[in-house]
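> Just to be clear, the model below is a prediction. Sequence and coordinates:
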Amino acid sequence: MVALGPLPKIWLNGELVPWEEARVHVLSHGLHYAYSVFEGIRSHRTPHGPAIFRLDDHLERLGNSAKIYRMKLPYSTAELRHAAIELVQANGIADAYLRPIAFSGYGEMGLDPSHSEIDVAIGEWYWPPLLGPTSEVGGTRATVSSWTRIDSRSLPPQAKCAANYANGALAKMEAIAGGYDEAILLNSAGMVAEGTGENIFRVKNDVVSTPPASSGILRGITRDTVLQLLHEEGIAFQRTDFTREELYSADELFFSGTAAGIAPIREVDGRPIGDGRHPITDRIHRLYEECAQGLRPGHGLWLTYLEPQQLEQAVAGEMQARDQAQAWAAYAK
């Protein structure tokens, strides 16, 4: 956890407002009934200026979450995209976390939110890796939670809704109280699902596994990034269920998420994972950081730059890097 440090602006219902003035009423419907959907997005410093990582994919998921919950967003994806860019420009901070959120506002009360006005905001703040400053290097101590991951027959796990995160909060508090850094939740079938706010990957005999969407996970944008990088690197992977004991017998385990980054897990329930080394995790972590910071050719479409000329420079740089790589590959043959 980290204390929020105020920045100049927050985007709220169509305009940039001073941080201290971004307020909602205490009787807002979403506060009482958790009727809100949100996203977590990061912007990064790149050689061509600040860029937001996979913004379009996050906004698409926000729209899907709203659709699942019968929530009509009052702003289009294009408007929210422009708002995110405008906010990063206004606050002048390159390495930051963005939180778009849509929620039922003030005016009516009761379980049915269909007649409530929908408020939309985008906040921004500096947020180091969620699991602690050493989590991406030394690794995280995790425990399997006594709480079960929500089932799709109760709440839709594919929607990034605030209500779902009460499940993770209970598991997180239990883990912290037990002296661990993070919790791993099993689904109702007893299979591994995810962390409290991250997806999970297992490495065994150089094959990487991650639970499928049908296990009750949220389809993470960072998870998808990892899967694409594994494919590019020729590393074998599969989407498959695995059990609690298969956590203990893994060669490597790691969490993935926008807030957490790529974080190795060094221990589960007091059992050390593998031999303490995590070469595949370290490799994916490095590649992920290169993509997010605009240092890996071929992934320019994952970056949303703040100015059109930055995009032009980045595209030109990608083309030059690709030409050099192709020339080297031909020479190496």
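Structure received.
> The stretch 51-200 of the chain: strands as residue ranges?
All strands of the stretch 51-200 of the chain, identified by DSSP state E, counting those that start in this stretch, fall at 51-53, 96-104, 118-125, 140-148, 182-186, 192-195, 199-204.
> ah, wrong one, I meant the stretch 201-333 of the chain
Ranges of strands within the stretch 201-333 of the chain are 207-210, 237-239, 252-257, 261-268, 271-272, 303-305, based on DSSP E, counting those that start in this stretch.
> Adding distance to residue 156, write those out as CSV.
The C-beta positions use only the backbone N, C-alpha and C, and glycine is treated the same way. Putting these into CSV (distance: least, CB to CB, whole Å) gives the following:
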stretch, distance to residue 156
strand 207-210, 20
strand 237-239, 19
strand 252-257, 19
strand 261-268, 26
strand 271-272, 33
strand 303-305, 27
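> Check these for me and report the most buried one.
Here the criterion is mean neighbour count by mean count of other CB atoms under 10 Å, and of the strands of the stretch 201-333 of the chain the winner is strand 252-257, at a mean of 28.
> To residue 243, which of the strands of the stretch 51-200 of the chain lies closest?
With CB to CB, the closest approach to residue 243 among the strands of the stretch 51-200 of the chain belongs to strand 192-195: 6.8 Å.
> for the strands of the stretch 51-200 of the chain, which one sits closest to residue 16?
Closest of these to residue 16 is strand 118-125, at 9.5 Å (criterion: CB to CB).
> In CSV, please show the C-alpha coordinates belonging to the closest one.
What follows is the C-alpha trace of strand 118-125 in CSV, where atoms were taken according to Å, rounded to 0.1, in the frame of the first residue of the first chain:
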residue,chain,number,x,y,z
ILE,A,118,-23.7,7.3,-14.1
ASP,A,119,-20.7,9.4,-13.1
VAL,A,120,-17.3,8.8,-14.7
ALA,A,121,-13.9,9.8,-13.5
ILE,A,122,-10.3,9.2,-14.3
GLY,A,123,-7.8,9.6,-11.5
GLU,A,124,-4.0,9.5,-11.7
TRP,A,125,-1.3,9.0,-9.1
